[in-house]
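K.L.:
Here is the input, now give the coordinates:
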Amino acid sequence: MLNITHNTIKDKEYLEKLNSFQILNSRVNNRKLIKTLYLVGGIIFIVLFLPWTQNIRSTAKVTALKPNQRPQTIHSIIAGRIEKWFVQEGQFVKKGDTILFISETKEEYLDPNLVENTEQQLKSKEFAVKSYMEKIKANDIQIDAMISSRKLKFEQAQNKLIQANLKVLSDSVDLSAAQLNNKIAKEQLIRMEELYKKGLKSLTDLETRKLKVQETQAKVISQENKFISSKNEVLNAKIELLSINADYRDKIAKSESEKFATLSNMYDAEATVSKLQNQFVNYSIRSGMYYILAPQDGYITQAIQSGIGETIKEGTEIISIMPADYELAIEMYVNPMDIPLLEKGQHVQILFDGWPSVIFSGWPGISYGTYGGQIVAIDNFISNNGKYRVLVAHDKNYPDWPKEIRLGAGASTMTLLKEVPVGYELWRQVNGFPPDYYKQNTSDIKAKKANETKK
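P.N.:
Residues are numbered from 1 along each chain as shown. Modelled structure (predicted):
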C-alpha cells in the first residue's frame, strides 16, 4: 500500500473476498488527501485574518418603551364586595369607562345617606360659627360703648370735681369775709362799750352792737359749715372718679371675658367644621370609588377577581389591562463584565422569536432577518438574576419592527462592538477575555449610518 516493495498481493484471489481489503483498495490516493488538507488549512489560515465583529449575545423579551405603556393591573382603593361587571376579557375600553361596581362592607360607611347627613352636620356647625362671630361683634360693640360711656362719665366727674374745688374756694373767701366782719364787729363793740361807759352812747346802741357781733359770729359758723361741706363735695367727686374707673373696668373685663369665651367656642366649632369638611370630602370621594374605571385606553386581558358577591380588600388586584397605544422596546440582560462596553445610542441587532433569520454574529452585514435597535437606558443597579437590564428601542435608520410582535415575546440580541481578526477573536474566546473596549466617534457613527441608508 505504501509502495515500499515491488511485491504485490493484488493477485491473491482470497483477498478479493475480504470486505476490509476492498474498502482499503478503493480509497483515494494519499497525495490527493494531503493536497486537500493543505487546501483546507490554507483556507482556515486565511479566515483567521478576516475581520470579525465582536458582539455581546444576550436573551431578551419584548416590552414597552415607556412605563405607562406597559401592562398594568387595576386595584381597588377601598374594600368592598363585587356587585356587577361591565366588561369582559379581550374587550377594548376607553379611559373612564366603568369596569365593575362594588358595594360597601365597612360598618362606618354602610349608611346610604352618609354624605347627606355629614353635609347637614357641616352646615349646622358652620351656622354655629357664624353665630359665635356675631356674638363676638356684639361684645366688641358693647365694649366700645362702655369705653365711650366711661370717658363721658369720667369727664362729668372731673367737671364736678372742678366745681367742688371752685365752691371750696368761694366758701373759703366767704368764710374769710365773715371772720373779718366778726372781728370788726367785736372791735366796734369794744369801742361802743367805752363810749357807753363815758355816756356818749345809749344802752340801745350798745345792745345793737352786741347783736351785730352775735350775727357776725353766726355768719362765721355758717360759712365754716359751708366750707367743710364744699371740702366733702371735693372728696366725693374724687371718690366718684375712682369708682367710675373701677366700675367700668369690671364691666369691660367681664365683656372681654365673655368675648374670649365666645372666641374659644368659635375656634372649637371651626375645628369641628374642618373635621366635618374633611369627612364630607372623604365620604364624597369614597362614594365615587364604588365604580372602578379604566385609567387609559386599552384591552382587558385578564380578570384576576371574578364572580358576584366576592369580597375584596384595599389594594387587591382586580383586573389587568393592556394599553392600546404603545411603543415597542427590547429588555435585555447583560453580564456585569460586559456592561462597561455599552453606552446609550449604541447599535444592537435583534432577532425576534417566530421570525426566520440567518445569523452570522461576526459578519452582521450578511445576516438575514435581523432588526436594528438602539440602547436608550442602562440600569445602574444589578437585577435579581445577577445581570444588568438594558432597554433597547427601535433604531429609526433601520426597517420597522414587525407589527405582529406582542409584548412579552422572546428575542435575542447582538450588541456590535469592535472589528478584530478572526484569529484574535478565537484566542480571546479560548482565554476567556472580555471584548475590546472602545468608543466610536460620533462622526464615524453618523457616516456609517449614512452609508447604510444610501445602500
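
K.L.:
Show me how the record splits the chain into domains.
P.N.:
The chain breaks down by automatic domain parsing into domains covering 1-48, 53-67+326-454, 72-101+291-323, 114-288.

K.L.:
May I see those organised as JSON lines, with mean neighbour count and mean pLDDT added?
P.N.:
In this view, the C-beta of every residue, glycine as well, is placed from N, C-alpha and C. Shown next, in JSON lines, are those (neighbours: other CB atoms under 10 Å; pLDDT from 0 to 100):
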{"stretch": "domain 1-48", "mean neighbour count": "9", "mean pLDDT": "64"}
{"stretch": "domain 53-67+326-454", "mean neighbour count": "15", "mean pLDDT": "73"}
{"stretch": "domain 72-101+291-323", "mean neighbour count": "15", "mean pLDDT": "86"}
{"stretch": "domain 114-288", "mean neighbour count": "15", "mean pLDDT": "82"}
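
K.L.:
got a markdown table for those, with distance to residue 108 too?
P.N.:
Output for those, formatted as a markdown table (distance: least, CB to CB, whole Å):
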| stretch | distance to residue 108 |
| --- | --- |
| domain 1-48 | 80 |
| domain 53-67+326-454 | 36 |
| domain 72-101+291-323 | 12 |
| domain 114-288 | 9 |
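
K.L.:
sec struct for residue 325, please.
P.N.:
The assignment at residue 325 comes out as coil when based on DSSP: H, G, I helix; E, B strand; the rest coil.

K.L.:
Can you give me every residue that contacts it?
P.N.:
Residue 325 makes contacts with 69, 297, as judged by CB atoms under 8 Å, 6 or more residues apart in numbering.

K.L.:
How about residue 263?
P.N.:
Per CB under 8 Å, 6+ apart, neighbours of residue 263: 132, 136.

K.L.:
host element of it?
P.N.:
Assigned by DSSP states H and E, residue 263 falls within helix 203-288.

K.L.:
Give the pairing partners of whatever helix or strand comes next after that helix; include direction for each.
P.N.:
Next helix or strand after helix 203-288 toward the C-terminus (DSSP H and E): strand 291-293. Under the criterion DSSP bridges, strand 291-293 sits next to strand 98-103 (antiparallel) in its sheet.

K.L.:
Can you give the distance of the helix holding residue 263 from its chain's centre?
P.N.:
Chain-centre distance of helix 203-288: 58 Å, with CA atoms, centre = their mean, to the nearest Å.

K.L.:
can you start the count at 52 instead of 1 from here on
P.N.:
Done: numbering now begins at 52, and the last item shifts to helix 254-339.

K.L.:
got the contact list for residue 380?
P.N.:
113-116, 427, 442-445.

K.L.:
now do residue 122
P.N.:
Residues near residue 122 by CB under 8 Å, 6+ apart: 352, 371-374, 458.

K.L.:
Switch the residues you listed over to TSV; also include secondary structure and distance to residue 140.
P.N.:
As requested, the contacts of residue 122 are exported to TSV (DSSP: H, G, I helix; E, B strand; the rest coil; distance: CB to CB, whole Å):
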residue	secondary structure	distance to residue 140
352	strand	7
371	strand	9
372	strand	10
373	strand	11
374	strand	16
458	coil	16
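
K.L.:
Let me know the closest of those residues to residue 166.
P.N.:
Each of the contacts of residue 122 was checked against residue 166 using CB to CB; the closest is residue 372, at 29.6 Å.

K.L.:
What distance do you get for that closest one to residue 132?
P.N.:
Residue 372 sits 22 Å away from residue 132, going by CB to CB, to the nearest Å.

K.L.:
Run through the helices of this protein in chain order.
P.N.:
Per DSSP state H, the chain carries helices over the ranges 70-76, 81-99, 165-249, 254-339, 473-482, 493-505.

K.L.:
out of these, nearest to residue 152?
P.N.:
Among these, helix 254-339 comes nearest to residue 152, with 11.5 Å by CB to CB.

K.L.:
follow-up on the earlier one: if we take the contacts of residue 380, which one ends up nearest to residue 85?
P.N.:
Ranked by distance to residue 85 (CB to CB), these are led by residue 443 at 50.1 Å.

K.L.:
what is the closest one paired to in the beta sheet?
P.N.:
On the basis of DSSP bridges, residue 443 takes part in beta bridges with residue 381, residue 426.

K.L.:
list the contacts for it?
P.N.:
Counting by CB under 8 Å, 6+ apart, residue 443 has contacts 111, 380-383, 399, 401, 424-427, 464.

K.L.:
for residue 351, same thing?
P.N.:
By CB under 8 Å, 6+ apart, the residues touching residue 351 are 138-144, 150, 370-372.

K.L.:
Residue 229 reaches residue 266, doesn't it?
P.N.:
No. Contact status for residue 229 versus residue 266: not in contact, 10.0 Å apart, counting by CB atoms under 8 Å.

K.L.:
Okay, now stretch 353-363: how far is its last residue from its first?
P.N.:
This stretch, stretch 353-363, spans 17 Å end to end (CA to CA, to the nearest Å).

K.L.:
And stretch 132-151, by the same measure?
P.N.:
This stretch, stretch 132-151, spans 11 Å end to end (CA to CA).

K.L.:
now it: how far from the chain's centre is it?
P.N.:
Distance, centroid of stretch 132-151 to centroid of chain: 30 Å (CA atoms, centre = their mean).

K.L.:
hmm, who's touching it?
P.N.:
Counting by CB under 8 Å, 6+ apart, 125, 152-154, 156, 342-354, 356, 358-363, 369-370, 372, 375 sit against stretch 132-151.

K.L.:
and of the helices of the chain, who's closest to residue 107?
P.N.:
Across those, closest to residue 107 is helix 473-482 (CB to CB), at 12.8 Å.

K.L.:
Am I right that residue 320 is in contact with residue 178?
P.N.:
No. Assessed by CB under 8 Å, residue 320 is found out of contact with residue 178, at 9.5 Å.

K.L.:
can you give me the end-to-end distance of stretch 424-434?
P.N.:
One end of stretch 424-434 to the other measures 22 Å (CA to CA).

K.L.:
for stretch 349-368, that is, sorry about that
P.N.:
17 Å.

K.L.:
For the closest residue to residue 107 other than its chain neighbours, list each beta-bridge partner.
P.N.:
Nearest residue to residue 107, sequence neighbours excluded (CB to CB, 6 or more residues apart in numbering): residue 466, at 4.3 Å. Using DSSP bridges, the beta-bridge partners of residue 466 come out as residue 107, residue 399.

K.L.:
Identify the residues contacting residue 466.
P.N.:
106-107, 109, 385, 389, 392-393, 397-400, 426.

K.L.:
how far away is residue 278 from residue 265?
P.N.:
Noted for residue 278: a distance of 20 Å to residue 265, by CB to CB.

K.L.:
wouldn't residue 448 be in contact with residue 422 here?
P.N.:
No. Residue 448 sits out of contact with residue 422 when judged by CB under 8 Å, with a separation of 11.6 Å.

K.L.:
can you tell me which residues contact residue 223?
P.N.:
By CB under 8 Å, 6+ apart, the neighbours of residue 223 are residue 278.

K.L.:
Much appreciated, bye for now.
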